[in-house]
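In: Here you go, sequence then predicted model.
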Amino acid sequence: MSLKDRISADLKEAMKAKDRLRADTLRSVISAFSYKRIDVGRELSDDDQLEAVRKAFKQRSDSIAEFERGGRADLVEKETRERAILATYLPAQKSAEEIRSVVRDAISALPVEQRNQGTLMKAVLPGLRGLADGGLVRTVVLEELAATAGTS
């Protein structure tokens, strides 16, 4: 069953259960699928569908940050609940320690003169795409580079 099929089935269940927030959230994802299909000009692959859900998840995260700055606790709660719904359709995210292990392996594989943030991010991001937040990866990369610079 594709992600789109699963979301469509869950939408029907949410509508039957009269769970308006869940239904509205899932409708927005199905709409995002339609826009993305038009944008790419073909039927969506599983990766395309997953990317659309990731984008919707990130949009909610960005909105939460903005609403917190604006003091809108009601909207923060709504967006947080929507983000939690979307998270159920995404693969499990790696922890900071799992990311740290990947980064340390990449550092040890690089020659000393190539150990910089750009090179390291290019080395680790492809393997972590969709499995870790880019901001967290960047933070871990900077921490590990600082740690290795201190020991060199």
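Out: Done, it's in. Residues are numbered from 1 along each chain as shown.
In: ok, now which ones touch the spatially most central residue of the chain?
Out: For the chain, the residue nearest the mean C-alpha position is Arg54 (4.7 Å; CA atoms, centre = their mean). By CB atoms under 8 Å, 6 or more residues apart in numbering, the residues touching Arg54 are 90, 130. In short, each C-beta sits where N, CA and C put it, glycine included.
In: so it is in which element?
Out: For Arg54, the element it lies in under DSSP states H and E is helix 46-69.
In: For the next helix or strand along the chain from that helix, which helices and strands make contact with it?
Out: The helix or strand immediately downstream of helix 46-69 is helix 73-87, counting by DSSP H and E. The contact analysis (3 or more CB pairs under 8 Å, 6 or more residues apart in numbering; DSSP states H and E) places helix 73-87 against helix 20-40, helix 46-69.
In: Can you add mean pLDDT and distance to Tyr89 and give those helices back as CSV?
Out: Shown next, in CSV, are the helices and strands packed on helix 73-87 (pLDDT from 0 to 100; distance: least, CB to CB, whole Å):
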stretch, mean pLDDT, distance to Tyr89
helix 20-40, 95, 8
helix 46-69, 92, 5
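In: Let's have the ones you listed in TSV, adding distance to Arg6.
Out: Shown next, in TSV, are the helices and strands packed on helix 73-87 (distance: least, CB to CB, whole Å):
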stretch	distance to Arg6
helix 20-40	10
helix 46-69	10
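In: and Ile107, how many neighbours does it have?
Out: 20 (other CB atoms under 10 Å).
In: Cool, thanks, signing off.
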